[in-house]
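Visitor: Sequence plus the predicted model coming up.
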Amino acid sequence: MRKTLLMTTGLAWLALTGAAGAATVTLTAETALSPNYFVGQTVGTNTFSVGTDKWSLLSGTAGIAVGTTAKVSADPLGDTLPYMSVEGGGTEQVVFGTPRTSISIYWGSIDGNQGGNNNLNTFAITVDGFTLTGADLVGMSTIADPVTGTGNQSSPSGNQLVTITGLGPFTTATFSSTNNAFEFSLGSAIPEPSTWAMMMLGFAGLGYAAFRRNSKGRALAI
């Protein structure tokens, strides 16, 4: 898979080319984000539903966690709400209720098999053979404070909101880790292009209706 890395001040983009075109990965350093995607789930569970999204364990150990457990999982920086922790050798899967072409992941203490930590987080989806690892994120983020991939839970650069756009439609995603642990939550879904189109049509319709009402009001006043 061809990869093109583009560094800019404040943000970084990683273009990954697949069969349906190029996906773009954008990183935003997080310091006080508590995604509420997993709120309401029982700690330790790995098979559950979030709305129409179905989560299940494919292998090893994974489950909902809160806070930090020594040598197991670390609360992502700024995250005080439940998150998913995939431990060494584990793989957790989600099947989304509706197809997506983008996803936003709050990726905690990024492990990129750097600094002798012998750990690698992996995110994969069932479209175009797309796979993104912690090693792919190393060096990204701001030029002054790049992702190091050493699993640093207290550095903003090591805890990133990773937004992936430009994908072909997909419903299945997997999250795995070679050692403890891959900690993450999901951010707000990015509206699909068709959704944006419907929203624009809706706004246009509301504007036209308001214009018609105003026009009638002026006509009656004459």
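Guide: It's in.
Visitor: hey, where'd the strands end up in the protein?
Guide: 3-7, 12-18, 21-29, 48-50, 53-59, 62-65, 83-86, 91-100, 103-108, 121-125, 131-133, 160-165, 170-177, 182-186 (DSSP state E).
Visitor: Please enumerate residues in contact with the longest one?
Guide: The contact list for strand 91-100, computed with Cβ atoms under 8 Å, 6 or more residues apart in numbering, reads 46, 51-60, 62, 84, 86, 167, 169-176, 189, 192. From N, CA and C alone the C-beta is placed, and that goes for glycine too.
Visitor: lowest-confidence stretch among the strands of the chain?
Guide: Mean pLDDT values for the strands of the chain show the minimum at strand 3-7, a mean of 32.
Visitor: Tell me how this protein divides into domains.
Guide: Per automatic domain parsing, the structural domains of the chain span 3-190, 191-222.
Visitor: just those: most buried one?
Guide: Highest mean neighbour count of the domains of the chain: domain 3-190, a mean of 18 (counted as mean count of other Cβ atoms under 10 Å).
Visitor: beta partners for the residue positioned nearest the centre of the chain?
Guide: Nearest to the mean C-alpha position of the chain, counting by Cα atoms, centre = their mean, stands I105 at 1.7 Å. In this entry, I105 is beta-bridged to V162, L186, by DSSP bridges.
Visitor: wait, F182 sits on F175?
Guide: Yes - between F182 and F175 a contact is recorded at 5.8 Å, counting by Cβ atoms under 8 Å.
Visitor: any residues in contact with both of those two?
Guide: With Cβ under 8 Å, 6+ apart as the test, F182 and F175 both reach M84, V86, N121, T122.
Visitor: May I see the residues you listed organised as CSV, with distance to V147 added?
Guide: CSV is the format used below for those (distance: Cβ to Cβ, whole Å):
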residue, distance to V147
M84, 20
V86, 19
N121, 12
T122, 15
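Visitor: between these, which is nearest L27?
Guide: N121 (14.0 Å; Cβ to Cβ).
Visitor: Okay, and the beta partners of the closest one?
Guide: With DSSP bridges applied, N121 shows beta-bridge pairing to S177.
Visitor: Make 54 the first number, not 1, from now on.
Guide: Renumbered: residue one is now 54, and that last one reads N174.
Visitor: if I read this right, F91 contacts Y136, doesn't it?
Guide: Yes - under the criterion of Cβ under 8 Å, F91 makes contact with Y136 at 6.1 Å.
Visitor: hey, what's in contact with both of those two?
Guide: By Cβ under 8 Å, 6+ apart, the residues touching both F91 and Y136 are I117, S238.
Visitor: Check what pLDDT the nearest residue to G113 once chain neighbours are set aside gets.
Guide: Leaving aside its sequence neighbours, G113 sits nearest to G143 (Cβ to Cβ, 6 or more residues apart in numbering; 3.1 Å). pLDDT, G143: 97.
Visitor: same thing with T100?
Guide: 98.
Visitor: Once you drop chain neighbours, what's closest to it?
Guide: S109 (4.9 Å).
Visitor: Now for the one you found: which residues touch it?
Guide: N99, T100, E145, Q146, V148.
Visitor: Right, I'll call it a day here.
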